[in-house]
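In: Let's see this in three dimensions:
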Amino acid sequence: MVGLSSESAIASALAGSIEAYGKQLAHIQGWTTGGLPMFESAMREMFEGFLKDGITGNEIEDLFQLAIMDYISHSADFPDLTPEMMEDMMHYLESTGSGSHGYHEGWNGQKFADKSTAIFDFMLKNAPKDSLCNEVLTFLKDKQGAPSALVNHFKNNFENKYSFIGDAGYPSDAGVSPMLRMALMAAYLNKYPDVTQDTINLFLTGSVGELNDFIKNNTPGESYTSAMDFLFKNDGHGVDNGWREVDQNGHKVIDWNGVGLDAGYFKDMYTDFPPRELTDEDIKEINRIGDQVKMIQQTLKYWIQICRDELMAFARNI
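Out: Below is the predicted model:
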């Protein structure tokens with residue numbers, strides 16, 4: 001006879017499998033529902049991409065930006081975010097991260113270095129343990145030496161080759177900041193919602209060279225010189241507002257036309273983020289998961305009955 005503890009362990013494992021499949025369905029739903037669930041799925045995909053590929057260039061800033069994006073998008077549930085702290089965070093969304101460096105309202109590498117520890121410690125203290133923000137910050141602290149490594153990076157690397165996506169020398173295999181990725185993907189999905197998950201993954205993890213090629217080849221009837229050119233012309237804010245390219249300190253800088261990145265724009269992005277359409281592959285995967293869950297439920301029912309029978313037999317023998 002299998003021990004009762006073994007039977008209980010098997011039942012618990014089966015229940016855990018059902019829960020895991022439930023998370024997979026929620027992940028698919030996030031992509032195709034839009035709004036905050038889509039935004040959350042996209043941020044998670046970017047984080048997992050960093051974990052898989054390793055941290056290079058300015059990607060320590062990209063991770064910090066991801067943490068800020070998660071914190072602000074859940075700020076209604078997270079405590080103590082003051083207007084002053086929010087304003088500081090918005091500068092990090094606009095002017096830090098791969099290809100997205102800029103000089104605005106007195107913000108430069110030194111000021112980002114000076115402000116980063118307070119923001120890092122604040123978020124780590126207040127973000128729930130099960131949040132993406134906490135997970136990212138814990139990774140940065142344990143594996144990258146943040147916040148001190150972040151301070152040193154802003155101070156010493158603000159004008160490295162991974163800083164200005166508009167410069168002629170920006171490497172084609174370099175990445176793009178999470179904020180620009182989300183802005184670009186939202187602009188594209190608003191025009192072309194019928195895309196595959198592979199396209200979504202390209203927006204979230206592809207190099208700037210891959211993004212440029214995709215935009216040039218997948219905008220029927222239109223012509224764009226780059227992914228950023230597409231963003232400038234399709235961010236929904238017209239020619240005189242929103243994202244643009246400006247000359248600053250000898251660099252081509254991606255700039256949000258306003259005082260820091262507009263908090264209203266960011267809120268609209270994560271609350272109204274456009275979904276992608278459900279594909280045939282999604283439907284196949286949903287059906288596959290459904291079949292697996294049914295099979296596990298039948299097995300779980302069988303094991304629960306075994307546990308009950310064993311308990312009754314044990315009780316009769318006392």
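
In: quick one: the helices in the stretch 151-300 of the chain?
Out: 178-191, 197-205, 208-217, 227-234, 263-271, 280-316 (DSSP state H, counting those that start in this stretch).

In: Not counting its own residues, what contacts the third one?
Out: Spelled out, it's helix 208-217. Residues from elsewhere that reach helix 208-217 (C-beta atoms under 8 Å, 6 or more residues apart in numbering): 99, 165, 170-176, 184, 188, 199, 202-203, 206, 224-227, 229-230. (Each C-beta comes from the backbone N, C-alpha and C, glycine too.)

In: Filter those residues down to the buried ones, PyMOL style.
Out: Buried members of those, defined by 16 or more other C-beta atoms under 10 Å, are picked up in PyMOL with:
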select buried, resi 99+165+170+174+175+176+184+188+199+202+203+206+224+226+227+230
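
In: Just the pLDDT at the residue most central in space within the chain, thanks.
Out: Taking C-alpha atoms, centre = their mean, the centroid of the chain lies closest to Met43, which sits 1.2 Å from it. In this model, Met43 is scored at 95, pLDDT.

In: got the contact list for stretch 192-202?
Out: Contacts for stretch 192-202 (C-beta under 8 Å, 6+ apart): 31, 42, 45, 185, 188-189, 210-211, 214, 218-219, 274-277, 279, 281-282.

In: Please indicate which of the residues you listed are buried?
Out: Counted by 16+ other C-beta under 10 Å, the contacts of stretch 192-202 give 31, 42, 45, 185, 188-189, 210-211, 214, 274-276, 279, 282 as buried.

In: mind giving me JSON lines with these and columns for distance to Leu93?
Out: What follows is the buried ones among the contacts of stretch 192-202, written out as JSON lines (distance: C-beta to C-beta, whole Å):
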{"residue": "Trp31", "distance to Leu93": "23"}
{"residue": "Ala42", "distance to Leu93": "15"}
{"residue": "Glu45", "distance to Leu93": "18"}
{"residue": "Met185", "distance to Leu93": "15"}
{"residue": "Tyr188", "distance to Leu93": "19"}
{"residue": "Leu189", "distance to Leu93": "19"}
{"residue": "Glu210", "distance to Leu93": "23"}
{"residue": "Leu211", "distance to Leu93": "19"}
{"residue": "Phe214", "distance to Leu93": "23"}
{"residue": "Pro274", "distance to Leu93": "19"}
{"residue": "Pro275", "distance to Leu93": "22"}
{"residue": "Arg276", "distance to Leu93": "23"}
{"residue": "Thr279", "distance to Leu93": "30"}
{"residue": "Asp282", "distance to Leu93": "30"}
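
In: between these, which is closest to Ala11?
Out: Asp282 (30.7 Å; C-beta to C-beta).

In: Now the nearest residue to the closest one once chain neighbours are set aside. Its backbone dihedrals?
Out: The shortest distance from Asp282 to any non-neighbouring residue, by C-beta to C-beta, 6 or more residues apart in numbering, is to Ile28 (5.7 Å). Main-chain torsions, Ile28, degrees, to the nearest 10: phi -60, psi -40.

In: ok, now how distant is Ile28 from Gly49?
Out: Using C-beta to C-beta, to the nearest Å, one gets 18 Å for the distance from Ile28 to Gly49.

In: cool, Gln248 as well?
Out: According to C-beta to C-beta, Gln248 and Gly49 sit 29 Å apart.

In: Look at Ile28 and Gly49 and report which has more neighbours.
Out: Ile28 (19 against 16; other C-beta atoms under 10 Å).

In: And the pLDDT for that one?
Out: pLDDT, read off for Ile28, is 79.
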